[in-house]
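Student: Whatever this is, show me its structure:
(one chain, ligands or ions: 1)
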Amino acid sequence: MEQQIKEMKQTLIQAIQQAENLVALDEIRVKSLGKNGCITGLMKSIGKLSAEERKSAGQILNVFKDEIATLLDDKKQTLELQEMNERLASQTVDITLPVRPNTNIGRIHPVSQVTEEMLTIFAQMGFEVAEGPDIEDDFHNFEALNIPAAHPARQMQATFFMENTTDKVLRTQTSGVQIRTMENKKPPIKIVAPGRTYRRDYDMTHTPMFHQIEGLVIDTETNLAHLKSTLVEFMKLFFETDDVALRFRPSYFPFTEPSYEADVGCSRENGEFKIKSGAGWCELLGCGMVHPNVLRNCGLDPNIYQGFAFGCGIDRFAMLKYGIPDLRSFFDADMRWIRHYGFLPLDIPTITSGLSLNGGLKR
Ligand code: DAH
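Tutor: This is a model prediction of the structure:
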């Protein structure tokens, strides 16, 4: 039997090596290890041997069988990779081709729509758009923002750390883009930075990944009145009503001094949420005057420069404006949800034609 195994092994190894695709390889598997395969046949035949012979032949056969199974697996992986690479090399998408005529099927996600609406307003106010990486280092996410190691403020944000490092985190806030901007550009600075942010949180109003937009204005005379008027003007345009009241409550953020949380006037009558003055208040965002330490950390002299910053949740703004109750549903990829809350692709928000065409007609 040993001679038989030896010959079979040689033939099989050669066949496996020469298999050109997954179909050919599978044929070899069936012919060797399948129900009527040659190795299976040998396995069956040892029943006829004496007890002694059966033991040693059984051992040899098992080793042989495992060896061939491993070779088949390895070759399968190699062929799969090869086929994928061939497919990647041969399939291309020409993104310059015009949009297919039937644009009525797809929908723009409310987060994309609201980001676009916000950027449209800020662009009109003269803000530039800045970006930073999702995987951020400790310096930009914390340290330079006046949150040194062991500072209790680090616990305000439940951080995801990258594996095997203490230096790299999934950014917990877009505020790091403030630092990146000030490092690379001399004032006057006037930027907004939208993007994904991450925290260990999960309930109706929190998801592990969410979106923020950060604002930063630095110049020699920028003050709180500028912050307030920027936000009031923004809210009027964003919520598409002049009846906007903003309230600033003293708060604490390590990177601003003084710090505030801003609330917008709203009503919840008969279960309907509305932005309007004179009823209740709804928490909107954090903001303040950039802390002198933050300016210093970016090489700016706080005796010359000052400015304001603000940061808010894009998803939260989408929930408020379009009456979406549960944040978790944003990221379920449920077609029924996106058909209901999504927007038509070619209706791009503009200040003149309307941001959302009264929040609904565009859907
Ligand atoms: N980064 C803060 C957070 O995620 C939000 C924030 C507050 C940003 C105040 C700011 C600011 O720029 O000035 O909770």
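Student: Run through the helices of this protein in chain order.
Tutor: 2-18, 22-33, 38-45, 51-90, 110-124, 138-141, 176-184, 224-239, 292-297, 314-322, 335-341, 357-360 (DSSP state H).
Student: Can you report how many residues lie near residue 310?
Tutor: 23 (other C-beta atoms under 10 Å). C-betas here are computed from N, CA, C, even on glycine.
Student: in the stretch 151-300 of the chain, what residue is nearest the ligand?
Tutor: With C-beta to the nearest ligand atom, the shortest gap between the stretch 151-300 of the chain and the ligand falls at residue 286, namely 2.6 Å.
Student: That residue reaches residue 311, doesn't it?
Tutor: Yes. The pair residue 286 and residue 311 passes the contact test of C-beta atoms under 8 Å, sitting 5.5 Å apart.
Student: Who are the contact partners of residue 145?
Tutor: 175-176, 178-179, 254-255, 294, 297 (C-beta atoms under 8 Å, 6 or more residues apart in numbering).
Student: ChimeraX command for the buried members of those?
Tutor: Burial among those is assessed by 16 or more other C-beta atoms under 10 Å; the matching ChimeraX selection reads:
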select :175,176,178,179,254,255,294,297
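Student: just the contacts of residue 145 that are near the ligand?
Tutor: Contacts with the ligand within the contacts of residue 145, as defined by C-beta under 6 Å from any ligand atom: residue 175.
Student: any idea which of the contacts of residue 145 is the one closest to residue 164?
Tutor: residue 176 (21.1 Å; C-beta to C-beta).
Student: didn't that closest one look like it was pressed against residue 132?
Tutor: Yes. Judged on C-beta under 8 Å, residue 176 makes contact with residue 132 at a distance of 5.5 Å.
Student: Just the pLDDT for the residue located most distally from the centre of the chain.
Tutor: The C-alpha centroid of the chain is most remote from residue 50, which lies 64.9 Å away (C-alpha atoms, centre = their mean). If you check residue 50, the pLDDT there is 87.
Student: ditto for residue 227
Tutor: Per the predicted model, pLDDT is 98 at residue 227.
Student: got it, and residue 347?
Tutor: At residue 347, the model reports a pLDDT of 75.
Student: How much space separates it from residue 353?
Tutor: 9 Å (C-beta to C-beta, to the nearest Å).
Student: how about the strands in the stretch 251-363 of the chain?
Tutor: 256-269, 272-275, 280-290, 306-313 (DSSP state E, counting those that start in this stretch).
Student: For these, state which one has the densest average packing.
Tutor: Across the strands of the stretch 251-363 of the chain, the average number of neighbours (mean count of other C-beta atoms under 10 Å) peaks for strand 306-313, which reaches a mean of 23.
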